[in-house]
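Undergrad: What follows is a predicted protein model with its sequence.
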Amino acid sequence: MIINDIYHGDCVQIMKEQIEKNSISLIFADPPYNLSGNILKLENNQTGGAFYKVNEVWDTFTYDDYVRFTEQWLKACQEVLKENGSLYISCTQHNIGEILTIGKQLGFKLNNILTWYKTNAMPNITKRTYTHSVEFVCWFVKGKKWVFNYEEVKRLNPNKTKNGEHKQMRDFLDFIELPIVQGKERLRGEDGRALHPTQKPEKLLELIVKASSNEGDVVLDPFFGTGTTGYVAQKLNRNWIGIEQNTEYLKIANKRIQSLNEELPL
């Protein structure tokens, strides 16, 4: 098993064949949501493009295939996770039902569902529903002695008591500034468009990594994308493993983490 590097290929196969059983302290997974569909125009989209919906081959499944795929990668995560390990899964209303059902069927304990409130959520184009402004992160644990660095998490809460002490961290993250990634943090190509449609905020990963791992632990991301998990884990003195099937995303992630190692601009 190689740490602090990216495996190229199918995450289920790699976890089964190349990642040691019971070796991972923390997994953050941002799987396909199966939301790809018709491309809708959104003018002046500051997150980097004219489209507000993900429209990628890797995000396109029939429902039955999606359920089967979810079962496979969750089972593979269960096998490589330590007995006191944590699994955080990013999801939306569209796939949280499958995540919760399959996770519980596999024997994971659900500790919390974190709600990420997007302060700059995309406008409602259809005007036929409430505007979608949140995503969810399901926190599952394996075993009964999971890691939760309570005091470390409290220090990330900007709100304080009358005595000046940091308040407890709630599971509704409306008090942490967590917009859809934009500005300098957003990875863009030469044409100015976002390099990945679902890049997650570093601040969200910082909370998760600090909460459920310790320095020197191994953090795994089976859907590595442009490498935010590895980038944050390395900054926080954790070891990491990434798995990514898309060659272009893998190149971007390698360049991003190399820039951290060499302290060079992206």
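TA: Yep, it's here. Residues are numbered from 1 along each chain as shown.

Undergrad: The chain: strands as residue ranges?
TA: For the chain, the strands defined by DSSP state E occupy 5-8, 24-29, 81-91, 109-117, 134-141, 218-221, 239-244.

Undergrad: Turn those strands into JSON lines, columns for mean pLDDT and mean neighbour count.
TA: Where C-beta positions appear, they are placed from N, C-alpha and C, glycine not excepted. JSON lines is the format used below for the strands of the chain (pLDDT from 0 to 100; neighbours: other CB atoms under 10 Å):
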{"stretch": "strand 5-8", "mean pLDDT": "96", "mean neighbour count": "18"}
{"stretch": "strand 24-29", "mean pLDDT": "98", "mean neighbour count": "26"}
{"stretch": "strand 81-91", "mean pLDDT": "97", "mean neighbour count": "22"}
{"stretch": "strand 109-117", "mean pLDDT": "94", "mean neighbour count": "16"}
{"stretch": "strand 134-141", "mean pLDDT": "94", "mean neighbour count": "21"}
{"stretch": "strand 218-221", "mean pLDDT": "98", "mean neighbour count": "27"}
{"stretch": "strand 239-244", "mean pLDDT": "97", "mean neighbour count": "26"}
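
Undergrad: nearest to Met15, of these?
TA: Checking the strands of the chain against Met15 by CB to CB gives strand 239-244 as the closest, at 7.2 Å.

Undergrad: rewinding a little: the strands of the chain into JSON lines, with extra columns for distance to Lys75?
TA: Below are the strands of the chain laid out as JSON lines (distance: least, CB to CB, whole Å):
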{"stretch": "strand 5-8", "distance to Lys75": "18"}
{"stretch": "strand 24-29", "distance to Lys75": "13"}
{"stretch": "strand 81-91", "distance to Lys75": "11"}
{"stretch": "strand 109-117", "distance to Lys75": "16"}
{"stretch": "strand 134-141", "distance to Lys75": "13"}
{"stretch": "strand 218-221", "distance to Lys75": "14"}
{"stretch": "strand 239-244", "distance to Lys75": "15"}
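
Undergrad: Out of those, flag the one nearest Lys127.
TA: Using CB to CB, the strands of the chain put strand 134-141 closest to Lys127, at 18.8 Å.

Undergrad: do you know which of the strands of the chain lies nearest Asp174?
TA: Judging those by CB to CB, what sits closest to Asp174 is strand 109-117, at 4.3 Å.

Undergrad: Next, report how far that closest one is displaced from the centre of its chain.
TA: When distances are taken as CA atoms, centre = their mean, to the nearest Å, strand 109-117 is centred 13 Å away from the chain's centroid.
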